[in-house]
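> Turn this into a structure:
(chains A and B)
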Amino acid sequence: MSRLLLFYRLIVRPLLQEPVRAALTVFAVALGVAVVLAIDLAGTAATGSFRSSMETLAGDNDLEITASGGIPEVIVGTLAALPYVLRVSPRIEDYAVVPETKQSLPLIGLDLVAQGSADANSASSATNIAQFEEALKHLGDNDSIWVGASLGRKPGEHLQLLINDRVAEYAVRGIYPDSNGNEAAIVMDLAAAQRALNRFGRVDRILVKVPQTPGLEEWQQRLRALLPPGVEVHPQGTGTNENRRMLAAFHWNLRLLSCIALVVGAFLIYNTISVSVVRRRAEIGVVRALGASRAAVLAAFIGEAAFFGLTGAVIGLPLGRVMAIGAVKLMAATVESLYVSSRPGPLELDFASMLFSLVIGVGVSVASAYSPAREASLVSPVEAMARGRREYTARVEKTRDLWLALALGIAAAVASRAPAIAGKPLFGYLAALLLVIACALAIPAFVDALASFLSDALRRILGIEVLLASRSLAASLRRTSVLVGALSTAIAMMTAVGIMVGSFRETVVLWMGGQLPADLYIRPAGREAAGHHPTLSLDLAEKIAALPGVAAIDRLRAYEISYDGLPVELASVDVHILGSHHKSGFFSGRPAGEVLAELHDANTVIVSEPFTYKHRVHAGDSITLSLGESRPTFRILDVYYDYGSERGTILVDRNTMLRYLPDPAPSNLAVYVLPNASLQSVRAEIEQAAVGHRILVFSNRDLRSEAIRIFDRTFAITYALEAVAVLVAVMGIAGALLALVIDRRRELGLLRFLGASTSQVRKLILLEAGLLGLLANIAGLALGFALSLILIYVINKQSFGWTIRFHWPVAVLLAGLTIVYAATVMAGLYPARVAVQLNPLEVIHEE
Amino acid sequence: MATVSLQNVVKDYLTDGQRVRALDGLSLEVSRGEFVALVGRSGCGKSTLLNLAGAMDFPTSGQVLLDGVLTSTLNDAALTQLRREKVGIIFQSFQLLHTLTVLENIELPLLLAGKANARTTARERLAWVELEGLGERYPHQLSGGQMQRVAIARALVHSTSVLLADEPTGNLDTVTGNAILELLRRLTREQKTATLMATHSPEAAALADTVVRLRDGKIEESTRR
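Residues are numbered from 1 along each chain as shown, chains lettered A, B, ... in the order given. This is a model prediction of the structure:
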């Protein structure tokens, strides 16, 4: 009890006497905790707890049977006829859009009659819907649908649905409860779904419930032996697990990015405790002389940090929950456009999340306070009471730290050359961390040298105040270095991510120039997302090809297939058409025409760069793919740059694709207009020809703009994370300047005695803020450049497999740095006000 | 005309809601070239009198004139200007800025006032206090006596007409303290400043032209030598 009382009197009470400064530190920690928690919650909702929309109404089956391009329906019969007690549930899986609301919903085709009779009592499966006598009457109707309760529809209502490129009217026959892991979907009978999707004779997935003996693996092997080679048998949910694996890198990178604010917060806690120790050095001496042990002093300052951490974490919890709402929207959009169709799960702030926040808040605070707290515990009573604090603040070993920085820089360079571990760029992160620490260690020498240079260089322009400001910063080298370190870390991250995103953007823009040679692009108006490719009616493609202004059309078809346990895109093109327009280069450097000629109608493929990286294959290697019922082997001809899909793409000739997957309907059309034809007229002719179909026609420019819009949306969350980190740092500057003003009140009072006006005192504090900002900007820019190289050439490459060309996004960086600089100077306004309001008579006579 | 003139000055402070009278109807005049010592017990009003004479505070009632200018009629900017041009201050604990060199400390008031040739003037003042050659040193490289000399040079860097010294020898040994007092007396004469020195030391007071003994905010005795 007495210890608590002492803790309150010696640690908490002084904090309460400077409420603004204490509040700024607490809020900085709170923001750091909040942003990490927000990304964790949002990441778990959008990716971590990923559950494919296609698992809706999947029930509790054991195995799933899949094949690229669909499974022949006859296999359902084969399975049903086996002499085992199996429950076989074939499914059609796609998407439908409600045109009036543009809401996209999973479209599930089920064998409702079979399921209804097999399991009439299941409460959570689609079989419920077959229980209704009224509904049974309409099972065979092509326009019958059943919908999830959350859609708010009633039986008997009519609903228009856009499926692929056609809109049709459907009648709601029944409602099913969409809870317990099921989401709102449109359910049709299997035959009706096949008709609506033009997918006759095939189903997308067969779910199988097997008896408990002789074990799942044995059943898997038995069934596989009975099926054609291309048809795969896996435990149910394998697709979902594959997607989870694919999303892991995305989630992991965002998580690490969210820690930047926490790292910046750690710098500020370090600074706060350092200031606390420096200020109370004499007090520490007295308390030690009165019998306090070293451990008690250490515990007191660790306790102060824990107090900040705990208070910050408690505030950060609800703040993080609110921030997560925004974050999950951004992350879900990215997952949707780059990875896989899914719906984010609910945000759950459970006990584990709360514990996580408290641990990171208190843990980071205590860890960052340990060094100054230990120094406090080593204070000798006589020395502390006799010599005051000035010598203590001067104890910064610049030269030693500079050598250490150099050593760490070299270690970072070595780490950046190391390969990924289990697909994660762990050494890349280590290299980045080492660089940040190296920079922090080099900063005292940098601040000392630059402050001296700046004071001489700027004195003529800005007057005596700049000399006073720079000398003051150099005199409190330790504190200044920590502040510059914190702000420069935030700026460096902003710069690094800015350069990386800017370079990526520029690379994508350049790539699109060669990759999108056609004049117009057409796709169905139905939902398109990563892993899902609605198709156009074949007759429409023929009609467009025959239009007078059209020189040629390229029919692109894409499937999502599984390769080596991960989802990949399999796409086909008309090689002879692409060959005459394609401009993008290949890794081998061979001419595009030559490579594409070898692709024509042969068992050869070209693959995208991310595919080679993820699956460790190269040009000349062979890959075996499960296509339809067969497992053909293809030789990789070459590798091409591709920034359209992170999962990796395998490209084949259309004829080759049709050999294995005979559905001729294209997913997209690339239209080449005759040189003498008007683009607008051809577009109008296409729209005329497509009456009755719902299609989207993009000009080449529209498509590029749309791609860039999606790109910018994808990286919006990274900008938001950086903004929070910078905000934390600027708040730290404000708090530290306030401490500086309070500590230097005697000096400021003296200046007033010596004739300084209030505006000169204000200018002095603002100049200190400005100098801090300038030093941090310079250091941050340098560190940011180095970090951007690691991000581009190590972390990005090892996480996603993309080659990005380095590019300086000058305008973005200039704008970002200017905003940060202005914010830093503004952070000095309140401390400057406090300085101006100091009473010189009072402060000068305090000592 | 007196350089410093306090006429029937009263100064009250509010401490924890209680009014405390620091100066009680005090009148005093100090002319150019005159060295006045203020003596008395702690709390008798010495420092308050120095603050008023240095235009750093206003009286509750009565008038304070510096070179004929009534301080209570000035706003903050004008008061700052008056302090810059007329007043130099020396403290017991020297109050040098440890981040600046000796010359930079001395020229600081000139630079704050935006005056030209600050460095030349600072060197000249350094010569006045006999510290030529130490201009590039930092305060922590000087002895206590040297630091106080630097503080005196800084106080006189403007063409100061009022020099205020608050216990200038309080932190110095006797020999060094005497040398500082001798320097103050010499400079008062040479530079024709009106010098007011608050001190507890009878030896220090003995060097002044006039010794004013304060008690409870009033002049108890004024002795001219």
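> Show me what from chain B comes close to chain A.
Contact residues (Cβ under 8 Å from any Cβ of the partner chain) of chain B with chain A: B:47, B:51, B:54, B:56-57, B:76-77, B:80, B:83-84, B:89, B:91, B:93, B:95, B:97-100, B:104, B:108-109, B:111-114, B:154, B:158. C-beta: built from backbone N, CA, C; applies to glycine.
> Quick check: PyMOL command selecting the buried ones in the residues you listed.
Selecting the buried subset of these in PyMOL, with 16 or more other Cβ atoms under 10 Å in any protein chain shown as the burial test, is done by:
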select buried, chain B and resi 47+51+54+56+57+80+83+84+89+91+93+95+97+99+100+104+108+109+111+112+113+154+158
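> check contacts around the nearest residue to A:Pro228 once chain neighbours are set aside.
Closest residue to A:Pro228 apart from its sequence neighbours, by Cβ to Cβ, 6 or more residues apart in numbering or on different chains: A:Glu629 at 3.5 Å. A:Glu629 is in contact with A:Ala67, A:Pro72, A:Pro228, A:Pro229, A:Gly230, A:Val231, counting by Cβ atoms under 8 Å, 6 or more residues apart in numbering or on different chains.
> run the last query once more with 10 Å
Residues near A:Glu629 by Cβ atoms under 10 Å, 6 or more residues apart in numbering or on different chains: A:Ala67, A:Ser68, A:Gly69, A:Ile71, A:Pro72, A:Ile75, A:Leu227, A:Pro228, A:Pro229, A:Gly230, A:Val231, A:Tyr660.
> In strands, which of those appear?
A:Ala67, A:Ser68, A:Gly69, A:Ile71, A:Pro72 (DSSP state E).
> Quick check: of those, which lies closest to chain B?
Nearest to chain B among the ones in strands among the contacts of A:Glu629: A:Ser68, at 73.5 Å, using Cβ to the nearest Cβ.
> correct me, but the closest one touches A:Tyr559?
Yes: the pair A:Ser68 / A:Tyr559 is scored as a contact, 5.6 Å apart, by Cβ atoms under 10 Å.
> tell me, what's touching those two both at once?
Here A:Ser68 and A:Tyr559 have A:Leu570, A:Leu627, A:Leu661 as joint contacts, going by Cβ under 10 Å, 6+ apart.
> The second one contacts A:Ser562, doesn't it?
No: in this structure, A:Leu627 sits apart from A:Ser562 without contact. The criterion is Cβ under 10 Å, and the distance is 11.2 Å.
> just how off-centre is stretch A:730-746 within its chain?
Between the centre of stretch A:730-746 and the centre of its chain there are 36 Å (Cα atoms, centre = their mean, to the nearest Å).
> one step back: would you mind giving the shared contacts of A:Ser68 and A:Tyr559 as TSV with distance to chain B and pLDDT added?
Putting the shared contacts of A:Ser68 and A:Tyr559 into TSV (distance: Cβ to the nearest Cβ, whole Å; pLDDT from 0 to 100) gives the following:
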residue	distance to chain B	pLDDT
A:Leu570	69	92
A:Leu627	76	87
A:Leu661	77	89
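> Tell me who's in contact with the spatially closest residue to A:Gly755 that is not a sequence neighbour.
What sits nearest to A:Gly755 in space, not counting adjacent residues and going by Cβ to Cβ, 6+ apart, is B:Arg84, at 3.5 Å. If you count contacts by Cβ under 10 Å, 6+ apart, B:Arg84 has them with A:754-757, B:55, B:109-110, B:112-115, B:158, B:160.
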